[in-house]
Every structure is written in C-alpha cells, then in structure tokens.
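Chemist: what's the 3D shape of this:
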Amino acid sequence: MKLAPVARALAARGVRHVVVHTGQHYDPEMSDAFFRDLSLPRPDYALGVGSGSHARQTAAIMDRFEPICEAAAPEVVLVYGDVNSTAAAALVAAKLGIAVGHVEAGLRSRDRTMPEEINRLVTDHVASLLFAPSREAAENLCREGLSPERIHFVGNVMIDSLVATIPAARALAAPRAHGVARGEYTIATLHRPANVDDAATLCELLGALGQLAADGPVLFPVHPRTQARIRTLRLTVGAGDGVRLLEPLPYLEMLGLISDAGLVITDSGGLQEETTWLGVPCVTVRPNTERPITCTIGTNRLVSPHREAIAQAARAARAQRPPTPPVIERWDGRAAERIAAVLCDGARSG
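Modeler: Alright, predicted model coming up:
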C-alpha cells in the first residue's frame with residue numbers, strides 16, 4: 001500500500017520504474033479487480049521469499065535482488081518501511097553503488113529488541129535520500145548525525161493510500177454487512193510475538209477483549225500467527241463472551257470497519273496512523289511506538305498487556321474522542337508527489 005502512491009506519481013511524470021515484490025503473499029493469478037481496488041502496481045519481479053528466520057529471509061532477499069539490480073541498473077532503489085526486505089534491498093543497492101531512497105525514514109521506537117528497529121537504523125544509515133513522514137522523524141535523523149541534505153520531510157505515504165481508498169472502503173458499508181452499528185463496536189488486531197507467543201499474555205489480552213464486549217460487539221480478525229497460538233494453547237474465545245472471531249479481512253473491508261469503529265485495539269504500526277487520520281480512538285498494546293506523533297497529536301495511547309489497564313485506556317479513549325480528526329502537518333495525501341519532485345526535479349522538501 002505504501003508503494004502504490006509513489007508508483008503512480010512517478011508514472012504520471014513518465015518515469016520508468018521497476019516494481020519488485022519481495023514477500024511471500026504475491027499470487028500472479030490474482031484478479032485485475034484486486035490490483036484496481038487497492039491501487040497496486042503489478043510487480044515486474046516477485047522474489048518469492050517466504051517466511052523463515054530473520055537471517056534466512058534477509059539473505060534470500062539479498063541473493064535474489066542483486067541480479068535484478070545488476071540487470072535493471074536503476075539510478076535509485078526506493079525501499080519502504082522497516083521489514084527485512086527494506087534493509088536487505090538497501091544493503092544490496094548501496095554495495096552496488098546505487099542510490100537508496102528510504103520512504104518512512106527516521107521512525108524510531110528506541111527499542112533495539114524489535115527487529116524492525118534494527119532494520120530502520122541500518123536502512124537510514126546506508127540511504128542517500130531519507131523521506132521522513134514527520135518533523136520528529138527528520139529530527140531523529142539529524143540527531144544521529146545524518147546530513148540534512150539527505151533528509152526530506154515529505155509527509156506520510158500511508159495517508160496517501162488512505163485518502164485514495166477511503167471512499168471505496170466506505171462504499172462497502174462494512175459495518176452493516178457485519179451487523180454492527182456505526183461507532184458502537186470495537187475492532188481488535190493482535191499479532192506481535194511479544195503479545196501472542198506468551199500464553200499468559202495472550203490469555204490476558206483475550207480476557208480484555210471479553211471485558212470490552214460488555215460495552216458492545218468486538219470484531220476480532222485473527223492474524224494467522226495468533227490463530228495458531230490460540231489453537232495450540234486450546235484457548236476459548238468467541239461468541240460466548242461477545243467477541244466475534246473473523247478470518248483476516250481484505251484491506252478495503254477492514255478499512256471500512258476501522259473508519260466507523262468506536263474503538264480500535266491493536267499492536268500494529270500502520271493502524272496507529274490510520275486511526276489518527278480518521279479520528280478513531282486507538283489503544284495500542286505495546287510499551288513503545290515508532291510513531292509517537294500518533295500519541296502526542298493523534299488519537300492513540302499505549303498500554304500494557306493487562307486487562308484492567310486496557311479497560312481503563314479504552315474508557316479514556318472513548319471519552320476523549322475528538323470532535324474532528326486531528327490535523328498533522330503533511331499528512332495530506334500528497335507525500336508521493338513530494339517524493340517524486342525530489343527524485344525527478346532535485347527539489348528540496350524541508
């Protein structure tokens with residue numbers, strides 16, 4: 001989703017670009033409707049790297065990406081976010097002498113036990129162009145000694161995707177399809193190892209969702225990792241306690257539900273941003289966040305994985321819901337245009 005706005009902005013300028021899909025979920029038989037609905041460009045290459053340890057996954061991406069770089073000889077390799085493919089592709093390009101542009105540069109949780117934090121640090125320090133989503137992210141880069149000439153405050157490309165897709169998402173009327181009323185239900189997503197791998201923590205979180213269901217339906221699209229843990233531990237959660245377990249939902253349907261939710265409980269990074277832009281109260285079950293602006297300006301609050309703490313945070317979040325969504329500088333749906341201007345025109349975006 002982060003790639004699509006930049007790909008469109010570059011295409012509008014007639015810039016030739018090659019799209020490489022590094023993950024495990026690309027299916028070449030996907031329908032045209034899927035790409036159209038999500039505004040996703042079709043990959044020119046799919047590396048087919050599946051799951052595995054961090055070392056195996058990173059090594060496989062580097063091994064398969066290097067020949068593509070050598071054949072395509074790009075002027076710039078753009079990488080997105082903070083996953084293993086971000087750091088792997090950045091390292092390959094940098095060692096080949098190809099400029100690296102990092103979209104979402106400068107995000108920091110300051111928690112080096114998170115693999116994503118290591119990926120962010122590595123990528124930013126080999127990148128030639130650092131596209132920061134917020135002024136705070138740009139300041140992080142400056143504090144780490146990175147040259148201001150490399151840093152461009154362009155805004156948040158996730159919001160570009162959100163602006164482009166929210167009309168179609170709302171047109172689905174997802175709450176009605178799930179039999180819930182606007183603003184009167186909770187959406188929950190939980191998948192991080194720290195939350196779902198430990199039996200006691202997962203039991204506590206599921207108990208918290210059961211408590212929240214006393215105030216209205218809780219829709220819980222269950223991540224495959226979390227599904228596996230629930231089965232392995234033989235935990236009971238579901239209709240009996242008011243929590244509705246759902247299969248993972250398509251992006252547009254999920255976005256439609258989030259946009260009309262009364263509350264979101266999550267440990268996701270992207271949902272912190274989406275709920276902030278939408279003005280939906282969000283409780284994030286994590287000790288820290290690489291997106292602190294969602295807490296200082298947005299609708300997000302961090303909480304420990306304990307049912308009473310979650311219940312208290314949920315009550316406060318609902319009570320303090322802003323009358324209108326907060327406005328964050330350059331979260332305006334035009335970040336991709338600024339990135340394209342830097343790449344194509346040599347523009348400064350500070």
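Chemist: ranges for the helices of the stretch 201-350 of the chain?
Modeler: 224-233, 251-259, 270-278, 293-296, 307-319, 335-345 (DSSP state H, counting those that start in this stretch).
Chemist: Contacts only, for R64.
Modeler: By C-beta atoms under 8 Å, 6 or more residues apart in numbering, the contact list for R64 reads 47-49. To be clear about C-beta, it is placed using only N, CA and C from the backbone, and glycine gets the same treatment.
Chemist: now, among those residues, which is nearest to S147?
Modeler: L47 (31.3 Å; C-beta to C-beta).
Chemist: Now that closest one: closest residue in space that isn't a chain neighbour?
Modeler: Excluding the flanking residues, the one nearest L47 by C-beta to C-beta, 6 or more residues apart in numbering is R64, at 4.4 Å.
Chemist: gap between the one you found and A7?
Modeler: 21 Å (C-beta to C-beta, to the nearest Å).
Chemist: again with S128
Modeler: S128 is 20 Å from A7, where distance means C-beta to C-beta.
Chemist: More neighbours: which of those two?
Modeler: The neighbour comparison of S128 against A7 (other C-beta atoms under 10 Å) goes to A7, with 19 against 16.
Chemist: Settle this for me: A72 is touching V18, isn't it.
Modeler: Yes - with contact defined as C-beta atoms under 8 Å, A72 reaches V18; the gap is 5.2 Å.
Chemist: returning to what we had before: quick one: which of the contacts of R64 is nearest to R321?
Modeler: Closest to R321, out of all of those and judged by C-beta to C-beta, is V49, at 40.9 Å.
Chemist: so how many other residues sit close to the closest residue to the closest one other than its chain neighbours?
Modeler: Nearest in space to V49, with sequence neighbours left out and distances taken as C-beta to C-beta, 6+ apart, is A60 at 4.7 Å. Look at A60: counted by other C-beta under 10 Å, it has 19 neighbours.
Chemist: Tell me which residue lies nearest the centroid of this protein.
Modeler: Ranked by distance to the mean C-alpha position of the chain (C-alpha atoms, centre = their mean), the top residue is G270 at 3.0 Å.
Chemist: and it, how far is that from W331?
Modeler: For G270, the distance to W331 - C-beta to C-beta - is 13 Å.
Chemist: What does the pLDDT read for P43?
Modeler: pLDDT for P43: 85.
Chemist: For burial, what's the neighbour tally of it?
Modeler: Residues contacting P43 under the criterion other C-beta under 10 Å number 16.
Chemist: Helix, strand or coil: sort out the closest residue to the residue nearest to the centre of the chain other than its chain neighbours for me.
Modeler: Spatial nearest neighbour of G270, chain neighbours left out: M158 (6.0 Å); criterion: C-beta to C-beta, 6+ apart. Under DSSP: H, G, I helix; E, B strand; the rest coil, the three-state class of M158 is helix.
Chemist: Is there a neighbour count for M158? I'd like the number.
Modeler: By other C-beta under 10 Å, the residues close to M158 number 25.
Chemist: isn't it right next to G269, touching?
Modeler: No - taking contacts as C-beta under 8 Å, M158 lies outside contact range of G269: 9.3 Å.
Chemist: Okay, and the beta partners of the residue nearest to A105 when sequence neighbours are not counted?
Modeler: Leaving aside its sequence neighbours, A105 sits nearest to L130 (C-beta to C-beta, 6+ apart; 3.8 Å). Under DSSP bridges, the beta-bridge partners of L130 are H102, I151.
Chemist: Next, the contact list for L130, please.
Modeler: With C-beta under 8 Å, 6+ apart, L130 has these contacts: 101-102, 105-106, 124, 138, 141, 146, 150-152.
Chemist: May I ask which two of the residues you listed are separated the most?
Modeler: Maximum pairwise distance in the contacts of L130, criterion C-beta to C-beta, is 14.7 Å, between G101 and A138.
Chemist: how is this structure carved up into domains?
Modeler: Following automatic domain parsing, one gets these domains for the chain: 3-156+331-345, 168-319.
Chemist: nearest to P325, of these?
Modeler: Among the domains of the chain, if distance is taken as C-beta to C-beta, the winner is domain 168-319, at 3.1 Å.
Chemist: quick one: average pLDDT of the closest one?
Modeler: Mean per-residue pLDDT for domain 168-319: 93.
Chemist: Can you give me the end-to-end span of it?
Modeler: Using C-alpha to C-alpha, to the nearest Å, the end-to-end distance of domain 168-319 comes out at 29 Å.
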